[in-house]
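S.K.: need coordinates for the below:
(one chain, ligands or ions: 1)
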Amino acid sequence: MDNDFNTYFLKKKEIIDKALLMVLPKDNCLISKAMRYGVLNGGKRIRSILVLVAAEAAGAAYKNILDIALAIEIIHCSSLIHDDLPAMDNDDFRRGQVTCHKKFGEDIAILAGDALLMYAFEILAKNLKKYQIKSERAAKIMILLCEAIGSRGVILGQVLDMKSENKKISLKQLKEIHSLKTGKLMQVAVRIGAEALQLSSKQTKSLEQYALHFGLIYQIVDDILDEVGTKKELGKMPGSDKKKNKSTYISVCGLGKAIKLSEQEAKKATASLRVFGQKAERLRQLVDFIVGRRS
Ligand code: GRG
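M.R.: Numbering: from 1, shown residues only. From the prediction side, this is the model:
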């Protein structure tokens with residue numbers, strides 16, 4: 001990836017990291033400590049950066065959308081805490097450090113995930129009010145987000161993913177699972193960003209299409225890295241999918257086809273951006289960045 005994009009990406013990451021530090025509870029309560037740990041323990045910040053880059057493509061200043069990006073990132077961190085729990089993936093490491101339940105115990109980790117989810121909605125609601133977004137539009141944004149995370153979105157994806165362990169599923173079923181588990185949050189992130197910025201329906205649809213393919217690429221690459229990555233690169237043990245006999249792009253179609261699929265999805269993602277012309281260059285570069293990621 002070219003240096004120019006790397007610098008651009010790191011600057012955006014710095015903005016997100018600083019803002020997260022500012023926005024999270026600062027007190028010394030156990031639950032606040034666990035919440036901070038679950039968010040501030042590294043993380044590439046892809047989903048929140050996606051929101052900022054998409055806003056830029058539409059000509060909006062990132063400051064007008066930063067709080068939406070933070071809410072999305074916090075929701076993602078909440079889902080990672082729950083995903084690592086013994087009842088789910090039972091992982092000991094995340095982002096190169098022990099998982100939240102290993103550090104704080106399972107009880108506090110469950111509650112930290114719950115509290116972060118609520119905190120994200122609090123941030124969002126307060127800021128929609130601050131930006132004087134009309135109540136009807138604000139309610140629409142909240143509903144879109146609840147639907148995308150809940151039992152018809154990310155959570156459904158997680159259920160289907162867990163229940164596909166030790167089973168043979170088709171590529172179509174796998175795609176469906178990952179569109180929900182990983183893609184939905186990315187899709188809704190750009191959707192609610194577009195709603196808040198009042199983008200045209202053409203621009204909104206284009207960004208949603210982009211995010212849909214972006215999410216699939218992200219998960220395909222995640223599966224590839226679990227197969228070929230190292231503990232140092234991943235910040236957790238590689239090979240965990242295989243160990244749990246999970247359905248992944250590797251188990252369903254093999255490494256070679258998985259790589260081809262990620263390239264095909266990358267073409268579809270960039271093709272979705274036509275309406276933005278040159279202004280979407282950073283979004284195109286973000287696709288190359290995630291296709292080439294090693295962590
Ligand atoms: C509480 C919102 C919520 C959901 C509960 C546990 C669960 C249901 C869903 C889990 C969904 C999940 C963990 C999807 C993972 C997708 C994925 C590719 C995660 C890794 O993301 P990265 O690489 O991680 O962006 P970093 O560490 O960089 O943030």
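S.K.: can you tell me the closest non-neighbouring residue to whichever residue of the stretch 101-250 of the chain sits closest to the ligand?
M.R.: Residue of the stretch 101-250 of the chain nearest the ligand, by Cβ to the nearest ligand atom: residue 158 (3.8 Å). The way it works is simple: take the backbone N, C-alpha and C, and place the C-beta from them, glycine included. Take residue 158 and drop its neighbours on the chain: the residue closest to it by Cβ to Cβ, 6 or more residues apart in numbering is residue 181, 5.6 Å away.
S.K.: number of nearby residues for residue 210?
M.R.: 28 (other Cβ atoms under 10 Å).
S.K.: does stretch 222-242 reach the ligand?
M.R.: Yes - interface with the ligand: stretch 222-242 contributes residue 222 (Cβ under 6 Å from any ligand atom).
S.K.: export that stretch to CSV, keeping only CA atoms.
M.R.: Extracted in CSV, the C-alpha atoms of stretch 222-242 (Å, rounded to 0.1, in the frame of the first residue of the first chain):
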residue,chain,number,x,y,z
ASP,A,222,-10.1,-12.4,8.3
ASP,A,223,-10.6,-16.1,7.4
ILE,A,224,-7.4,-16.1,5.2
LEU,A,225,-5.4,-14.5,8.0
ASP,A,226,-6.6,-17.0,10.6
GLU,A,227,-5.2,-19.7,8.2
VAL,A,228,-1.9,-18.0,7.2
GLY,A,229,-1.2,-15.3,9.7
THR,A,230,1.1,-15.4,12.8
LYS,A,231,0.2,-14.7,16.4
LYS,A,232,2.3,-11.6,16.3
GLU,A,233,0.5,-10.2,13.2
LEU,A,234,-3.0,-11.2,14.5
GLY,A,235,-2.6,-10.4,18.2
LYS,A,236,-4.3,-13.7,18.9
MET,A,237,-3.7,-17.4,18.2
PRO,A,238,-4.1,-18.2,14.4
GLY,A,239,-5.9,-21.4,13.4
SER,A,240,-8.7,-20.9,15.9
ASP,A,241,-11.4,-21.3,13.2
LYS,A,242,-10.0,-24.7,12.2
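S.K.: hmm, who's touching it?
M.R.: Stretch 222-242 has contacts (Cβ atoms under 8 Å, 6 or more residues apart in numbering) with 42, 89, 91-97, 182, 248-251, 255, 258-259, 262, 293-295.
S.K.: compute the distance between residue 12 and residue 18, please.
M.R.: For residue 12, the distance to residue 18 equals 11 Å [Cβ to Cβ, to the nearest Å].
S.K.: more neighbours: the two, which one.
M.R.: Neighbour count, other Cβ under 10 Å: between residue 12 and residue 18, residue 12 has more, with 22 against 10.
S.K.: close to the ligand: what parts of the stretch 101-250 of the chain are there?
M.R.: Of all the residues in the stretch 101-250 of the chain, those lying near the ligand are 113, 117, 149, 154-155, 158, 181-182, 218-219, 222, going by Cβ under 6 Å from any ligand atom.
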